[in-house]
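*Asks:* here's my sequence, what's the structure:
(one chain, ligands or ions: 1)
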Amino acid sequence: MKNRWSDSEAEALVSRYGRDYSRELILRSYSGRLLGSEKSLVLHGGGNTSLKGEYPSVHSKSCRALFIKASGFDLAAIEPEDHVAVDMRRLESVAMLDDVSDRAMLNELLASRLDQGAPAPSIETLVHAVLPGRFVDHTHADAILALTNQEDGEDHVRRALGDGVAVLPYVKPGFPLGRQAAQVLSDHSDVIAMVWMHHGIVVWGETARESYDRMIELVSQAEAYLDQCAPRSGETTVSKAADSCEQQLAAIAPIVRGLLATPTPGSRHSCQRVVLQPLTDTKTNALLSNLETSLLISPPLTGDHLIRTKPLPAWLENPDFVDEESFRSQLESVLTTYSHNYQVYFERHKSRLSAAVTAHDSKPRVLFIDGLGALCAGTDVTSARIVRDITAQTLAVKGRIAAMTGVYRVPEEEQLFDMEYLLQQQLKLTVHDSALTGTIVMVTGAAGAIGSGICARLLEAGAHVVITDIDESRLTEVREELEVHNADRVMAVRQDVSDADSVAASFSKVFQTWGGLDSLVINAGLAHVSTLEQMDIDEFRRLERVNTDGTLILLQAASQVFRKQRTGGDVVLISTKNVFAPGAEFGAYSATKAAAHQLARIASQEMAADDVRVNMVAPDAVFSHGTRRSGLWDEVGPGRMRARGLDEAGLEAYYRDRNLLKARITADHVAEGVLFFLERRTPTTGATLPIDGGLPDATPR
Ligand SMILES: [Zn+2]
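*Replies:* The predicted model follows:
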């Protein structure tokens, strides 16, 4: 493993933060980032680092403190302020006790903070406190886990790292690990590091550099030992055309996603949805076809991963990719068994749980599909991505162990359960309270003023947003704007709504990326100004293709995916007040939108049995969102200004003054209307919500 320490980089960080933090805490952050940037050392918030120092107090003397990484914070981006100062004396006295429950330990950690506003300190705070070095670094290094997680693991570690490293049997992180480490040190004060079986490695030093160097050195020794036992051969690959894999994935992902959702009877949405992240590269597939099934369906490398992955993945053998219904019943059967086993496992061990911890749903987070790869699930794309990265790492290490003809070993089931349900681990799981968590929404015509406004609001409300538009460069612009709010939950796909192939391709792309679709906002539309007498029939048909045909094509595609997922769905058509109150010279727009509106009403009847709701919002005169002009404005604004002898502000005032509430209608108002329906606040379908400030002639009847 490469040693990435650079004095000039370290000094650059010191000069950047030097005014606010001690040199040592800045170097602590620097080497933490180096560890965090190495995926084979830690993944997504795993691992932890600390520094022993002084904390100013209101009394004359400052207090001995441990600056420990906050629980769940990502080392790769660690800031000096992400280290929580805890009272060393208090921790040392806890380490002297015989037994402390998880709950009491968590309380003790929180109470030991010297800044009560700081986040929760790492679960491994106690062990950092008892270790000797001023700087302590702990990782879940792949190479170490490849040694500890096999039969005779302890011997492998000793042979690889020598006698200067203590090897500790597996115990639960928290108080038990802290106490065990303290005991080992009292007997062997000369050790320079510790390997914790089935967990990872911890090293220390008097400087950030010394501790970091030691970590890299020991992990490199473990890597060299592994290479010696089983030289890395060229990966065995399974040949499969990438596009056939993508097609299969697009075809089955919505079925998988639907079956992985957890029913929530009595709530607005019938289930808690998941988002998928696939792992279908050739390396994964080679491992799936070469590893023994018993090794494939075994727990992850370290207990830290259990809250993300659950103890076991699910495995679908010989899937029927030709007949989707047959695939569904194959998977249903696998998941029924999985859920049953998970519930039984929970029942077996639940008596040890503290009252604050409840059972997780019984669905797998990792599903291996023979011949396709892994589908990894999370409550949102960010958590699904963590599961995916852990799965890739787990498979690679299991592959190394298999290459050594080693036998994979993990802690006892009881210990896995205790780790999966450890109170402090539960706190790492993000709490989502939005009605749109895990929901994937597509907005068409998203590069326009109304479309982009809707997308921003949906993103803010917690949805995953697929932005589509025919104009690729404007789409990229909007994507970049939206990514400022949340880069994970936005994806952009080019789409021509008037072309069924283009719509099908864009839907497939979404299924391959996130696994399915729950809601569709039909917003793409064109306007044209002309009297009927002078109407160019080709212009009329151009509007018809987008406004009417496009609506039909999108409704068809959405209906298909909703039926496959079987988790309901929502459609909102951005209609117009012109459906109810058409205007002269606006025939093409009014007629084609009226047809779209009628299609949506019919869809509300045809799709209700699948728990799909179809509603319409009917705005009037939305001309811009921020600096973005609407297509409607481009079409009608200049002409109307000329005809009425008004400037831009004058025209806006004209539209405002013609409604009862004298309201200027904005994209934000339209977005609120869309959100009202997507969040299912009322049991409503086939309805139109006017967003026009009150126009008696246009009131839906
Ligand atoms: Zn750990």
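
*Asks:* go through stretch 565-581 and flag the buried ones.
*Replies:* Buried residues in stretch 565-581, defined by neighbour count with 16 or more other CB atoms under 10 Å: 565-581. C-beta: built from backbone N, CA, C; applies to glycine.

*Asks:* between the two ends of that stretch, how far is it?
*Replies:* 38 Å (CA to CA, to the nearest Å).

*Asks:* now stretch 405-414
*Replies:* Across stretch 405-414, the terminal residues are separated by 27 Å (CA to CA).

*Asks:* give the contact list for T531.
*Replies:* For T531, the contact set (CB atoms under 8 Å, 6 or more residues apart in numbering) comprises A584, E585, G587.

*Asks:* narrow those residues to those that are buried.
*Replies:* E585, G587.

*Asks:* so which of the contacts of T531 are in helices?
*Replies:* When DSSP state H is applied, the contacts of T531 are split such that G587 fall in helices.

*Asks:* just send the contacts of T531 back as CSV, with pLDDT and distance to V529 too.
*Replies:* CSV is the format used below for the contacts of T531 (pLDDT from 0 to 100; distance: CB to CB, whole Å):
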residue, pLDDT, distance to V529
A584, 90, 10
E585, 90, 5
G587, 95, 9
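
*Asks:* let me know the closest of the contacts of T531 to T337.
*Replies:* G587 (60.3 Å; CB to CB).

*Asks:* ok, and the closest non-adjacent residue to the closest one?
*Replies:* Nearest residue to G587 in three dimensions, chain neighbours excluded: L532, at 5.0 Å (CB to CB, 6 or more residues apart in numbering).

*Asks:* burial count for the one you found?
*Replies:* When counting by other CB atoms under 10 Å, one arrives at 11 neighbours for L532.

*Asks:* from the buried residues of stretch 565-581, which land in helices?
*Replies:* The members of the buried residues of stretch 565-581 that map onto helices under DSSP H are Q565.

*Asks:* buried residues in the helix or strand hosting A492?
*Replies:* Here A492, judged by DSSP states H and E, is contained in strand 490-494. Neighbour-count burial for strand 490-494 flags V490, M491, A492, V493 (criterion: 16+ other CB under 10 Å).

*Asks:* just stretch 5-24 next, same as before
*Replies:* For stretch 5-24, burial by neighbour count (16+ other CB under 10 Å) applies to A10, L13, V14, Y17, Y21, S22, E24.

*Asks:* how about stretch 600-618?
*Replies:* Buried residues in stretch 600-618, defined by neighbour count with 16+ other CB under 10 Å: 600-601, 603-604, 607, 611-618.

*Asks:* now, which of these lie within helices?
*Replies:* Using DSSP H, the buried residues of stretch 600-618 in helices are A600, R601, A603, S604, M607.

*Asks:* among these, which pair sits farthest apart?
*Replies:* Farthest apart among these by CB to CB are R601 and M607. That separation is 11.2 Å.

*Asks:* so what sits against both of the two?
*Replies:* V614.

*Asks:* L372 touches P319, doesn't it?
*Replies:* Yes - with contacts defined as CB atoms under 8 Å, L372 counts as touching P319 at a distance of 7.1 Å.

*Asks:* between those two, point out the one with more neighbours.
*Replies:* Between L372 and P319, L372 has the larger neighbour count (other CB under 10 Å), namely 24 against 17.

*Asks:* okay, that one: pLDDT?
*Replies:* The score at L372 is 95. That number is its pLDDT.

*Asks:* so where is the stretch 101-250 of the chain shaky, pLDDT-wise?
*Replies:* 232-242 (pLDDT under 70).

*Asks:* what segments of it are helices?
*Replies:* 102-111, 125-130, 142-148, 153-161, 175-187, 208-229, 242-260 (DSSP state H, counting those that start in this stretch).

*Asks:* so the first one versus helix 175-187, what angle?
*Replies:* Compare the direction of helix 102-111 with that of helix 175-187 by axes from the mean of the first three to the mean of the last three CA atoms, to 10 degrees and you get 80 degrees.

*Asks:* related to what we said a few turns ago, and which of the buried residues of stretch 600-618 is nearest H188?
*Replies:* Using CB to CB, the buried residues of stretch 600-618 come closest to H188 at D611, 63.0 Å.

*Asks:* so what does the residue lying closest to the closest one once chain neighbours are set aside have for phi and psi?
*Replies:* Using CB to CB, 6+ apart and skipping the chain neighbours, the partner closest in space to D611 is G568 (3.4 Å). Per-residue torsions, G568: phi 70, psi -170 (degrees, to the nearest 10).

*Asks:* is it true that G568 touches R273?
*Replies:* No - using CB under 8 Å, G568 is not in contact with R273, being 9.6 Å away.

*Asks:* what sits in contact with each of these two?
*Replies:* By CB under 8 Å, 6+ apart, the residues touching both G568 and R273 are D518.

*Asks:* ok so H59 is a helix residue?
*Replies:* No - read with DSSP: H, G, I helix; E, B strand; the rest coil, H59 is coil and lies in no helix.
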